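**Student:** Structure, please.
(2 chains)
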Amino acid sequence: MIKQFKSKIIVAFSLILALASCTKDFETINVDPNKPTSVPSTNTLGYALYDFTNGFYDMWIDANESSYANQLGKIQYVDESRYAFREGVINDAFATVYRDLQNLKQVQKDALANKKVNMQAAALTYSAFIWQIATDTWRDIPFTDAINAEGSVISPKYDTQETIYPAVMKMLADANDLFAQKATDKLGAGDFLFNGDVTLWQKFANSLRLRMAIRISNIDPTTSKKVIEEILGNPTKYPVISSNSDNAFFTWSGASPYQEPFYEDAHVSARDDHGVCSVLIDQLKAFNDPRLSIYAKPATNDGVYRGVIAGAHQSTFDISDISRIGAIFRDNPAGFSPYMRYSEVLFIKAEAAQRGWNAGITAKDAYTAAITASLEEYGIDAVAISTYLAQSTIVYNNTLNQIYLQKWISLFKQGHEAWAETRRTDVPKLGVAPTSLYLGHNRPPFREPYPTNEYSLNAENIKPYWDKVTDRLWGQQMWWDTRTGVK
Amino acid sequence: MKKILLLIAVFAIGLNLVWAQTKEITGKVVSTDDGATVPGASVSLKGTTLGTITDMDGMYRLKVPQDAKTLVFTFVGMKAQEVQINNQSVINVSLSSDNISVDEVVVTALGITREKKALGYASQDVSGEKLTRAKDQNIVNSLSGKIAGVQITSATGAVGGSSRITIRGNSSFGNNEPLFIVDGVPVSNYSSSVSPGGGVDYGNGASDLDPTNIESVTVLKGANAAALYGMLAANGVILITTKKGSKSKGFGISVNSSVTFDNAYIIPNYQNKYGQGYNGEEYRFNAYQTANPGKYANYQEYSAKKSFSYKNGGMGGGVYDGMDESFGPRLDIGLKLPQFDSPIVNGVRQATDWISQPNNVKDFFVTGVTLDNSVTLDGATEKGSNHLFLSRQDITGAVPNTDLTRNTVSLSSTTNISKRLTAGAIVTYTQSKSDNLPGQGYTANNVMQSIGGWFGRQVNMTSLKNNWKTDNADGNPYNWNSNFHNNPYWTLYKNTNSQQKDHVYGNFNINYKIADWISLTGRVGTDWYHIFKKSVTADRSNGVRPGGAFNQSQAYKQETNADLFFVLNKKINDDFSVNGTLGANYRDYNYHYTKIAALSLTVPDLFTIGNVNGNPSTEQVDTRFRSNSVYASASFDYKKWLYLDLTARNDWSSTLPSNNWSFFYPSATISWIASDVFKFDPNIVSFAKLRASWAQVGNATDAYQLAMAYTSLDPYNGTTPFRLPLTLPALNLKPEAITSTEVGAELKFMKNRFGFNVTYYDKVAKDQIMDVDISDASGYDKMKINAGEIENKGIELELQGQILKSDKGLNWNVAVNWAKNKNQVNKLYSDLKKYQIGNAWGITIEAIPGESFGVIRGVGFNTDAKGNIIVGEDGIPQASATPMDLGNVMPKWTGGINNSFEWRNFNASFLIDMRWGGSIFSVTDWFGAMSGVSEETAQMTSRTGVEGKNIREVGLVVGKDVLKDKTVVKADGTANDIVVSAQDYYESYWNIPQQGIIDASFIKFRELTFGYSVPHSILKKTKILQSANISFVGRNLALLWTHKSNDIGIDPETAFGTTNSGMGIEQYQLPATRSLGFKVSLTF
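**Tutor:** Purely as a prediction, here's the structure:
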C-alpha cells in the first residue's frame, strides 16, 4: 500500500513541478499593455517643446533671471531677488535641459531612420536652442559626453563654453542645410511652436545663430563677423526672422493644464510675488516709453507706476505701492513665452553695422527699425512710435551703448536673454541687491548655481568647474563676458 | 533541476518504510483541566515508528501489531502519558497540563503549528486578546512596543491612517514592508500615495483586518523564518491567524462593544504675543521711527499703516493681509486693527481689538468617537465547525468632518467529509467607507499646513467656524487669508476626499490524509479589492481653476495564490522523527487602475467628467505578473532536544528576463534544548535553548521594468505628448539576494517565572533591483540596475518575569523588549556616491556607502575650523556652501515595557514605548520659526540690560538668545554680539534647513487598560453568560518625554504612509490623538 502511495506522490509531485516551471507565457505577461515602445516623432517633439518652455519660461527661472537683469523684482518672499535660490529649482532646471535633449535625440534618430529631413532639422534646431540657453546659464556643462546613458556614460565629463559655442552654432548651420533640402515631410500636430511651418523653423535656426554670433562678438570678433556676414549676406540661403509675424513665440493652448506659466502662477497658484523692477520702470519713464503701460500695471495704492528695487528688504516698501507685471504677460491663460523676437534680429544687425561689419543695413536704420518692431509688437500706433523715436534721448547717437540699452528694454519676459545681454554689455550698469545673501559683489550673478545633484552624482567631473565658482552664483565669468572689474 | 531531483530523493527516502498492522485502536484525548478535547495530540506505539495525531475532535485511530504493548500520548504543554494496551480497542486518555515546561505552540510557514522550542530562529507572537485589550483600529499600531526589533511608525492622527512597519531595520531601497499572511494566504498591505509633498492617507491594506477577529499574530522576523514564503517574505512575515470555530462541540456567541473618544493631544507650541502681518515687531518700529521721525504718531498708527490691515478677502489688498506670517503687531496691548472678522460700517472695515487666541489651533479639533461592535457565532459538530464574525466600526475623527465606517463579515467553516478528507473555507469581506479623509503633507488640502504652520496667531477660529459658508462683502469666501489659504472649515467641508474600499480575502482548502503520517493539502486563496476614490476641490478654493476640480479613480486588484503541498510527520524510532513539507505555489497578480480628473469645470461644483472645462486628465495602469514556485522543508528532531530544519525553494517570476527568471534559495536552522540534555534544576534553570540559522531569500521585481516605454501626458490641443522614461531600463536584471544569519538563546528560570530571549542577526541584501540616481546630463534621472549591498546587524532582547505571583493575591507580570539595529550601506553601484530615498525643501534622505541608511543631508551652518557657527556682517548665521550631513533618520534603539496586573477579578496593564536616537526634518519646526508662529520666535531675552524683554522688542543676538548651546562667532573669529531683528533671523531659516532638524527620541505612554471580569459564581446564576468583561482602555495617553531639540513640540513619531520616501520628514503632521474609552465583552 505504501508503495502505491509513493508512486502516486511522485506522480503528483512531478505534475506540480511541471506546472510550476511552466514559463511559456512569461514574456507576453511582462509586456506593458499601456505604454508603447515607439511613438510618432511629432508627439515627442511636442513633448520637448512643451516641457522646456514650461521649465524655463516660468516664475522660477525666467522671472528670477529677469530679476538678475533688473527687469522684475520680488515683492514677497524676496529670496531669489537677493540670490537665495531654491536648490530644487536649479536641480529641476538642469534635469529639464537634458531630459528634453534626450527626447530630441530620439526624434532625430527616428527621423534619420525614416528620412524625415524636416523633422530632423526641427529637432536639431530646438536642441541647439536648449544648448544655447543651458550654456549661457551654467557656462561649462556636459556636452560631447552628455545624453548617452544608453552608451553606458552615466557620469558625463564637462566641456567648456569655448567648445560648446562653436559646436552649437555648427548644429544651427547644419539645421539650415537640412531645411534647405526642401524636404516634404510634415512636422505634424506636435509642432506646438510653428504649427508645421517649416520656413519659420528655418528662420528661427538662422536667427538663433545670429544671436550666438553676436554674443561672442567681444571675445571672438573674427568668428562673430564671419557668421553674421555669412547669414546676412545671403538671405535666400539663410532666411531670418523678418517681421513680428515670424517671431518665435510659444503660444500656450490655454486649456488646463497647458496654461501660460505666469498666468498659472498668478491665477491658479494665486501667487503675487513679483513686481516690475525700478530700474526698468525708471528707464521707461525717463524715455516716455509707451511700453511702460504694457510692461507694468499702476500700483493699486495710488495709480502710479513704481518699481521695486530688486532684492530690497521688504520693510522698505509697501507691496501695494509697487507695479505688477503687465496683463498681456501675466493674465492670459493662452499667452505666450517669447523665445526670440524680430526686434532682436534687428538689434543684432544694428550692432554688427555699428561694429563696421556688413549687415546689409546701416546701424541707424537697423536701430530705428528694431525699436519700431518692438513697439509694433504691442500694437502701439505709428504716431506714438514716431513721437517716441523723435525724442533726443532715442535718436540714434552712433553708440553701441544706445543699442544695448534699447535691446535690453525690448527683451521683456526673456529673462535669460536680458540677463545675458547685461552680462555681455554691462548696459544698463546694474548693482546688487541691497539685502544680497552674498556680500562683496558689485554685479548681479554671473551664472546660475551648479546643481547639487551634479555635485553628488557626477562629482569627479564637476569638481574642477564647481571650484571656479564663487558664492554659487559668481566666480569665473561667461566666456563671452569680457567685462573687467566686475565681481 | 538537479536541486529539485535531490529534494525528491530526500523525501523518497523518508517514505521508504515498511511495516504491517493487524489491530486497530481508537479513542479520544481530552484535557484534565477543562475536559476539552485535544486536537493534534500525538499518539504513538512505544518503541516503534508507528503513530498518529488526534483530529479536530481529539479522536484518533491507530493500527498496531497484535503484540503491541504501550501507547504514548503527548501534546505540547501537557504531561506525556503512557497507557498499557492489553486487550483494549478503545483507549481514552486525559492529559494534564505540564506547568514546568509550558511549551508554547507557534504557527509557522504554511500554517503548520510547531512547538516554539523547535524553532531555530526568532519569532514572537501576540495573542488576539493582547491586541484588542486596548484596541487600535489599525492592527499594525497594536503591535507597537510589543515585539522586539519591529519598528512601527503610525502616520499621525488621521482617521483610518496607515502605519509603517519594518522588521530589523531597512534592508531595501524599494519596499521594506513585511509580508502579511492571513490564514496562509498573502493579503496585500497596499498603501495610498501620501507623501511629504501631500496627499490623503487612505490607510494600508492590513488596516482592513479587524483585530477582534484575530486569534494570534506571529512575527517571523528574519529571512530565516520566512524562506518558505518566498520572495515576498524577504522583509519578514506577519502571520495572522483568524479565529476559527471552537474546537469543542456546541454553540457559542460572544459580543464585544466599545466606545472610545479621540482627542488631539500633541499640538505644537505656539507663541501668543504677536499677530499676523509683517514688520510689526517693536524692534522694527523703533528703527523705523528713528529713520523717519514723526512719520507715524505711535505704534498703533505704524501697525495699521505698515504692518497689518485687512481688506476684503485678505488677498493682499490691505496692508500685508496677504501674508500668512505672524510677524505682525503685538497682541493684547490695546491695539485696534481691521481684521477679517471686524464689522464693516458704511463700507469701511472697522478696527477691532487685536488680541491673542491661544487655543485657536487646539479648538479647531473635535472629539472623535469610535463605536466598535462585533458579534461572533461559533458552532461545532462532529461533521465540522463554523465561525461567523460580524463587526462594524463607526469612526469620526478628531479632525472635523472626517470619518470612516467599516463593516466586516467573516465566515470560516470546516467540514469533515470523511475520516480522511476535510474541506474548509474562510472568506472575509470588509467594506470601508469614508465621506472625507483629511489631506496631509505640504498641500492646501492639509488644514495643518494653514492653521498649524502659516497662520495668524490672532485669528479667531470661532469666527471662521461660524461663517465659513458665507462670503465677504466683495464676494470672496469668508476667510482670514485668501491669498494662500482656504478657511480650514471650507477645506474640510467642501474639499473632500472620499473613498469606498471593498476587500475580500480568504481561501478554500481541502486536506486529504493519505496515511497517518502524510497528508495532502490543496488551497486556493484570493486577495481582491476594489477602491473607489473621489477628491473634489470646490469652486473658489484657493489655487483652483474656475469651476472647481475633481479627481476620481478606481483601483481593482486581484491576486490568486494556489498551493498544493504534502505535509508529512514521521517518527522513525523513539529518538528520531521527521516533519516535512513539499509543495508548489502559483501566483497570479492583476491590477487595474483608471483615473479621470478635471482641473477646471464648466458648471461650478458639478464634479462629473462631462462638465470638464478644457481637457479631461486621465490615467490608466494595467499590471499583471505571475510567479510559480516549488518548495520543500524537512525538520529532523532528535530526542526532542535537537532540531534541524532545512528548506529549499525555487521561484520563477515573469518580471525578470528569461535567463534569470528562475532562482533558488535554501535555508538551514538548528535548535538545541540544553535543558533537556543536562536536566538542570527547574527551580533554577527551567529551560535553556541555543539556536542558529542561516537563510537566503531571492526577490524579483515589479512588472514591466525591462523595456524602454514611453509615457504619455494629457493631450495638448488634441495631441498627446509622449516622452521617454525618466529611468533607463535595465537590460539584464537578475534576482535580488538576501542572506540572513542569526543566533540566539532562550533561558527560563525558576520554573519559567523569569525568561530571557536574545537574538543576534546579520542580514545582507545584495544585488538589489533599484533605480539609482545618475547625472541628469546622461539624459536620464535614474537607471534601473542590480546594485547595492545593505547590511543590518542587530540585537533583540526580550525579558519577562512574574514579579508577583499568587493564586489569590496580586499578580504582576513585566515584559520588556528592546532592539538595536545597526545598519550600513556597504556599497551602491560603481562609483555612485549616494542614493536618494526621499527629499523635501532641499533636505535629502540618502543612502551613502559606509554610512547607515537614511542619512539626512542639506545645507547647514557655515562653520569655522573649530566648528563654531559664523555669522555674516548682518549678524545672521551663514549657510554652508554645499550640503552636509545633518543626522540620520534611524533610531539607535527601540523598546517597550509592558506591565500587567491581576488581582482576583481585576486586571490592569500599561505599556510604555520608547525610541532613542534618530533625527527628523520637521517642517512644522522649520517653517514655524520662519512664519513666526512658534513659541521660540517670541521668547524672552536674558541679555544684560534688556532682561525679560521680548526678542521682538529688543532684537536678538545669535549665540546668546538663540542657538545658545553653540559657539557663534563673527567673520574675524570674535564672539558674536550683533543685535538683529527677530524677524530677519527667523526668516533666515529658509537658507539653512539644518534649523529644522530635531532629535526624534521619545518615551510614550502607549496603552492603559483596567478591566473587571465578572466572577463565575455570578455568571452561573445568569445561566447564559459564560464570561463577561468590562474594561477601561486608553491608547496614546501621553508623550512622556521628547528631546529638547523638539521645542516645537511635535509628535516625533511621524511618517507619511508606509513607503521609504516618507521616512524622516515631518511636514505639518495632523496632531496625534489620545483615545480613551470603555469596552464590554460578553460570551454566551
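
**Student:** going forward, measure contacts and count neighbours with C-alpha atoms only.
**Tutor:** Fine.

**Student:** for the stretch 101-250 of chain B, what spans make up the helices?
**Tutor:** Across the stretch 101-250 of chain B, reading from the start of the chain, the helices by DSSP state H, counting those that start in this stretch fall at B:128-133, B:139-142, B:223-226.

**Student:** can you tell me which of the ones you listed comes nearest to A:Ser242?
**Tutor:** Distances from A:Ser242 to each of the helices of the stretch 101-250 of chain B were compared using C-alpha to C-alpha; the shortest belongs to helix B:139-142, at 69.2 Å.

**Student:** coming back round to it: out of the helices of the stretch 101-250 of chain B, which one sits most buried?
**Tutor:** Using mean count of other C-alpha atoms under 10 Å in any protein chain shown, the stretch among these with the largest mean neighbour count is helix B:223-226, at a mean of 29.

**Student:** Can you tell me which residue is spatially central in chain A?
**Tutor:** A centroid search over chain A (C-alpha atoms, centre = their mean) returns A:Ile133, at 4.9 Å, as the residue closest to the centre.

**Student:** Excluding chain neighbours, what is closest to B:Thr496?
**Tutor:** If the residues on either side of it in the chain are set aside, B:Thr496 comes closest to B:Asn436, at 5.1 Å by C-alpha to C-alpha, 6 or more residues apart in numbering or on different chains.

**Student:** Now do the contacts for the one you found.
**Tutor:** B:Asn436 is in contact with B:401-403, B:492, B:496-499, counting by C-alpha atoms under 8 Å, 6 or more residues apart in numbering or on different chains.

**Student:** The residue in the stretch 301-450 of chain A that chain B sits nearest to and B:Phe285: what is the separation?
**Tutor:** With C-alpha to the nearest C-alpha as the measure, the residue in the stretch 301-450 of chain A that lies nearest chain B is A:Ser315; the distance is 6.1 Å. The spacing between A:Ser315 and B:Phe285, counted by C-alpha to C-alpha, to the nearest Å, is 10 Å.

**Student:** Tell me where chain A has strands.
**Tutor:** When secondary structure is read from DSSP state E, chain A shows strands at A:72-74, A:141-142, A:158-159, A:248-251, A:274-276, A:336-340, A:469-470, A:474-475.

**Student:** wait, which of those is closest to chain B?
**Tutor:** strand A:141-142 (6.3 Å).

**Student:** So which elements touch the closest one?
**Tutor:** The contact analysis (3 or more C-alpha pairs under 8 Å, 6 or more residues apart in numbering or on different chains; DSSP states H and E) places strand A:141-142 against strand A:158-159.

**Student:** Just the residues contacting the strand it packs on, thanks.
**Tutor:** Around strand A:158-159, the neighbours that count as contacts under C-alpha under 8 Å, 6+ apart are A:140-145, A:461-462.

**Student:** And the average pLDDT for it is what?
**Tutor:** Here the mean pLDDT over strand A:158-159 is 98, rounded to a whole number.

**Student:** Tell me the residue of the stretch 101-250 of chain A that sits nearest chain B?
**Tutor:** Among residues of the stretch 101-250 of chain A, the one nearest chain B by C-alpha to the nearest C-alpha turns out to be A:Ile147. It sits 4.2 Å away.

**Student:** OK, contacts around A:Ser41?
**Tutor:** Neighbouring residues of A:Ser41 by C-alpha under 8 Å, 6+ apart: A:107, A:110-111, A:119.

**Student:** Which two among these are spaced furthest apart?
**Tutor:** Taking C-alpha to C-alpha as the measure, the contacts of A:Ser41 reach their widest spread between A:Asp110 and A:Met119, a distance of 9.2 Å.

**Student:** Those two: which is more packed in?
**Tutor:** Set A:Asp110 next to A:Met119 and count neighbours by other C-alpha atoms under 10 Å in any protein chain shown: A:Met119 wins out with 29 against 18.

**Student:** next one: phi and psi at B:Val621?
**Tutor:** When quoted as degrees, to the nearest 10, the phi and psi of B:Val621 stand at phi -130, psi 130.

**Student:** count of neighbours near the closest residue to it other than its chain neighbours?
**Tutor:** Leaving out its chain neighbours, the residue that sits closest to B:Val621 by C-alpha to C-alpha, 6+ apart is B:Tyr593, at 5.0 Å. The number of residues packed near B:Tyr593 is 17, by other C-alpha under 10 Å.
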